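Peer 1: Quick one, structure for this:
(chains A and B)
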Amino acid sequence: MTQYASLLIALPLISAFFVPILKKISKKAIMPYLTLITLIQTIIAALVFRDVYTTGNPIIIMAGGFRPPVGINLYIGHFASLFALIIALVSFLMAVFSMRAINIEPKDKYAMLFLLLMLGATGMIATGDIFNLFVFMEITAISAYALTAYNKDAHASEASMKYIILGGIGSSFFLVGVALIYGSLGTLNLADIAQKASLIDPTVAQVALALLIFGLAVEGELFPLNAWAPDAYQAAPHPITTLFSAFVVKASLYAIARIVYLLSSVETWQNILNLLIILGTLTVVIGELSALRQANVKRMIAYSSIAQVGLIAVGFGLGTQAGIDASVFHMVNHAIVKALLFLAVGYVALELGGAEFEKFRGLGKRMPLTAFAITVGAVSVIGIPLFNVFWSKIKLLLAALVAGKTFVVALILGASLVEAVYYIKLIHVMWFFESEKGEENIVLGIIMTLLIAIIVLIGIYPDSLWHFIQEAGRDIFDKAAYIKNVPLLEVVK
Amino acid sequence: MVKRILAIIFILVIGFWIANALAKVPFGEDKMLVGKYYLENVKEQTGAINAVTAVVVNYRGFDTLGEVTVLFIASTGVAALLWRRREERSAEVDGSLILKTGSRVLLPFIMLFGAYIFIHGHLTPGGGFPGGATIATAFLMIYLAYKEYEIDHNLFEPLEGLSGVSYVAVGLIGLAIGGYFLFDWIWQIWEVGDIGRLLSAGFIPIIYTIIGIKVGTELTGIIDRMIKESKEVEG
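Peer 2: Residues are numbered from 1 along each chain as shown, chains lettered A, B, ... in the order given. Below you'll find the predicted structure:
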């Protein structure tokens, strides 16, 4: 009875639909309700995670009871179960933060869109069908557009407009890519596509994959389709910025990696990997250089987040198991660190009325715990030992060396150097100036302490997590196992 | 000017590149094995005469649930962004006599036709989405004819939510009875109905009725938000 995992999709959906009814009963109950639902989702995700990792087998959900490729299946393997848990957990923490951070009406709509954003990302990592992936991508994207503009000021509207236009272009690229594959193979199921990959014409495969990558690159924040991201990150409500950075972007990156690796038997595959490396490298370089010049801390961290995403894409472009493992590790670490950073910076912006550099002057005196949290996050992103990101950067570096891509090593080291410059500037501003004392919220303090503890724990004992990461990485890399695990129905003439 | 020429060249290159790939996609060959499978097994497995409906609600029902959600997000998003404390209709005069009388005469028939489309989705072309859109057209017509007309959001919003809840609930009942999410227990386990009659095709008519109500209320809600203007003083 593993089909209960479909609750991961059904629960946020039914809960979001229930909000208009709840609003009639009690308006005050909406934000606690959001927290409760995300908590239940976390518990379900934890159960699924336990099931998948103890049995070692993925959970295959067949919607409607039809076997794929006739019906749609979800593939909740090692990667999906790990990430569904992260998505649910981050959503829960941000739902708690939302109770304090969201003061603009209509909150009931906010709660619905929040749940649907979480649903969309969960669906994207769980689905085993390429068109269903498109549907979940749309769910994620459209709720993200609306949430970006939620603050209803001029910046937010402009950011959302940019996002809608780029997102629309991305969706059409993706759809054309799907059409090319469907036209060649006559199937939409990912496992079935992987099985028949050798039948597809190499040119068609190359164009289709490139289109799919460009389509997903909008949500995945890869250059040149990430122009929306800094504006949206800055203008969106603080909890939503965290969700974007922690899992919305990761879901798209995963989708890119999944599709690319399932089609690895195509002759022109190497070109696609090169495309990923080029896009990733450009994303890192432009992201880091732009971060240097920012006067707004939230925007600076947004650029830093984009740069990290570029590193993850480069890791996927290496084409080796080690590269994928490193990228998945970096995804997890980055999700935790950026959740902490955006939470802390958002909290400061909320208390002091803005996220400009001057606001952070003397923060160490005014809000010591928050300042400490930002410091830990910053130090971790730079890649200092004893913090979690250090390990994923090292793994990525080693993977690049083994794959013979020495320039990636230079890229990682250069990026870390630039990160050190702008993050140390922030740390300096926070700790080396005087300011009056202030108060801090206890609940947010607990969340920040929890995240700091996780960062340091992974930093000191990386091996315990590394085992899970390797399983998740193999889940993406091992195409044969993926095909074998999906009970494909033989559809013959 | 240079920018424009560069853009045109860029588009041509991309167009050539995609056309090149399109030329290599086999055309006219019988590759759609899954489609054939649907045609051969649709009656026995779903009890629906209209194979398209069976694909939409049964075989790929998960996608349809997603599409319903996309529409829900669109309507919620519009409501969130155009939210104001007070809003009023800004039209100054009613529609012409012809429009007013015509809309009154036609209203019940349009609604009836919309309901007919979604109830007969498993027998004739159509289904929940066009049926719901037809019902929303009836409301649009009244909005155009009468300047004071307003829908009751206290009724429409919960109804929209309730239909969404019911759709997922139907899926969960399938999970409880048949063991799979969105499993059509009415046709596959209870075997209710005769193929080709109104009472057939398991849960398709139920789901299409839910979708019809949902799409109708959502589109009407969007029309209402878009047609009204804020009476709040800025700042």
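Peer 1: rest of the way, CA atoms for contacts and neighbours
Peer 2: Noted.
Peer 1: Tell me the pLDDT of the residue in the stretch 301-450 of chain A positioned nearest to chain B.
Peer 2: Here the stretch 301-450 of chain A gets closest to chain B at one residue, A:G353, 18.3 Å apart by Cα to the nearest Cα. A:G353 is assigned 84 on the pLDDT scale.
Peer 1: Counting neighbours, what do you get for it?
Peer 2: 11 (other Cα atoms under 10 Å in any protein chain shown).
Peer 1: does A:L225 count as helix, strand or coil?
Peer 2: Secondary structure for A:L225, judged by DSSP: H, G, I helix; E, B strand; the rest coil, is coil.
Peer 1: Name the nearest residue to it, sequence neighbours excluded.
Peer 2: A:V218 (5.1 Å; Cα to Cα, 6 or more residues apart in numbering or on different chains).
Peer 1: That neighbour and A:A179: what is the separation?
Peer 2: Distance of A:V218 to A:A179, computed by Cα to Cα, to the nearest Å: 19 Å.
Peer 1: Please identify which of the two sits among more neighbours.
Peer 2: Neighbour totals were compared for A:V218 and A:A179, and A:V218 leads with 26 against 18 (other Cα under 10 Å).
Peer 1: Backbone dihedrals for that one, please?
Peer 2: Here is the backbone geometry of A:V218 (degrees, to the nearest 10): phi -70, psi -50.
Peer 1: B:P130 now?
Peer 2: Dihedral angles (degrees, to the nearest 10) for B:P130: phi -60, psi -40.
Peer 1: from memory it sits against B:I117, does it?
Peer 2: Yes - counting by Cα atoms under 8 Å, B:P130 does reach B:I117; the two are 7.3 Å apart.
Peer 1: Which one's more surrounded, the two?
Peer 2: B:I117 (25 against 20).
Peer 1: That one - that's part of a helix, no?
Peer 2: Yes - counting by three-state DSSP, B:I117 is part of a helix.
Peer 1: Tell me the spacing between it and chain A.
Peer 2: Using Cα to the nearest Cα, to the nearest Å, we find B:I117 at a distance of 24 Å from chain A.
Peer 1: If we ignore the residues flanking it in sequence, what's nearest that residue?
Peer 2: B:G131 (5.1 Å).
Peer 1: burial count for that neighbour?
Peer 2: By other Cα under 10 Å, 30 other residues sit near B:G131.
Peer 1: where exactly do the strands run in chain B?
Peer 2: All strands of chain B, identified by DSSP state E, fall at B:87-89, B:228-230.
Peer 1: Tell me who's in contact with A:A159.
Peer 2: A:T148, A:A149, A:W228, A:D231, A:A232, A:A235 (Cα atoms under 8 Å, 6 or more residues apart in numbering or on different chains).
Peer 1: Please name the spatially closest residue to the second one (chain neighbours excluded).
Peer 2: To tie it back to what came earlier, the one meant is A:A149. Once flanking residues are discounted, A:A149 sits nearest to A:A156: 4.6 Å by Cα to Cα, 6+ apart.
Peer 1: Enumerate every residue touching that neighbour.
Peer 2: Taking Cα under 8 Å, 6+ apart, we find A:A156 in contact with A:T148, A:A149, A:Y150, A:D231, A:A232, A:A235, A:A236.
Peer 1: ok so, going back, need the strands of chain B in JSON lines with distance to chain A, can you?
Peer 2: Listed next are those as JSON lines, based on distance: least, Cα to the nearest Cα, whole Å:
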{"stretch": "strand B:87-89", "distance to chain A": "14"}
{"stretch": "strand B:228-230", "distance to chain A": "14"}
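Peer 1: which one of the ones you listed lies closest to A:I139?
Peer 2: Among these, the nearest to A:I139 by Cα to Cα is strand B:228-230 (26.8 Å).
Peer 1: Could you pick out the longest helix of chain B?
Peer 2: For chain B, the longest helix by residue count, based on DSSP state H, is helix B:153-178.
Peer 1: got the contact list for A:G167?
Peer 2: A:A141, A:V218, A:E219.
Peer 1: Rebuild these as JSON lines, extending it with pLDDT.
Peer 2: Compiled in JSON lines, the contacts of A:G167 are given as follows (pLDDT from 0 to 100):
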{"residue": "A:A141", "pLDDT": "94"}
{"residue": "A:V218", "pLDDT": "91"}
{"residue": "A:E219", "pLDDT": "89"}
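Peer 1: Endpoints of stretch B:89-102, how far apart?
Peer 2: Criterion Cα to Cα; first-to-last residue distance in stretch B:89-102 is 22 Å.
Peer 1: re earlier: output the strands of chain B as CSV; include the columns mean neighbour count and mean pLDDT.
Peer 2: Listed next are those as CSV, based on neighbours: other Cα atoms under 10 Å in any protein chain shown; pLDDT from 0 to 100:
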stretch, mean neighbour count, mean pLDDT
strand B:87-89, 15, 75
strand B:228-230, 16, 73
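Peer 1: and the ones you listed as a markdown table, adding distance to B:V56?
Peer 2: Supplementary listing: these in a markdown table, determined by distance: least, Cα to Cα, whole Å:
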| stretch | distance to B:V56 |
| --- | --- |
| strand B:87-89 | 38 |
| strand B:228-230 | 35 |
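Peer 1: Nearest approach to A:N333 belongs to which of those strands?
Peer 2: Distance to A:N333, taken as Cα to Cα, is lowest for strand B:228-230 among these, at 45.6 Å.
Peer 1: Hmm, B:V57 and B:T64 touching each other?
Peer 2: Yes - under the criterion of Cα under 8 Å, B:T64 makes contact with B:V57 at 6.6 Å.
Peer 1: Looking at those two, which is more packed in?
Peer 2: Comparing B:T64 with B:V57 by other Cα under 10 Å, the one with more neighbours is B:V57, at 25 against 18.
Peer 1: Give the other helices and strands that the longest helix of chain B contacts.
Peer 2: helix A:7-25, helix B:185-188, helix B:204-227 (3 or more Cα pairs under 8 Å, 6 or more residues apart in numbering or on different chains; DSSP states H and E).
Peer 1: Tell me which of the ones you listed sits most buried.
Peer 2: Compared across the helices and strands packed on helix B:153-178, helix B:204-227 shows the largest average neighbour count, a mean of 23 (mean count of other Cα atoms under 10 Å in any protein chain shown).
Peer 1: distance between the longest helix of chain B and the chain's centre?
Peer 2: Centroid displacement of helix B:153-178 relative to its chain, using Cα atoms, centre = their mean, to the nearest Å, is 15 Å.
Peer 1: do stretch A:373-389 as well
Peer 2: Taking the mean of its C-alpha atoms, stretch A:373-389 sits 19 Å from the chain's own mean (Cα atoms, centre = their mean).
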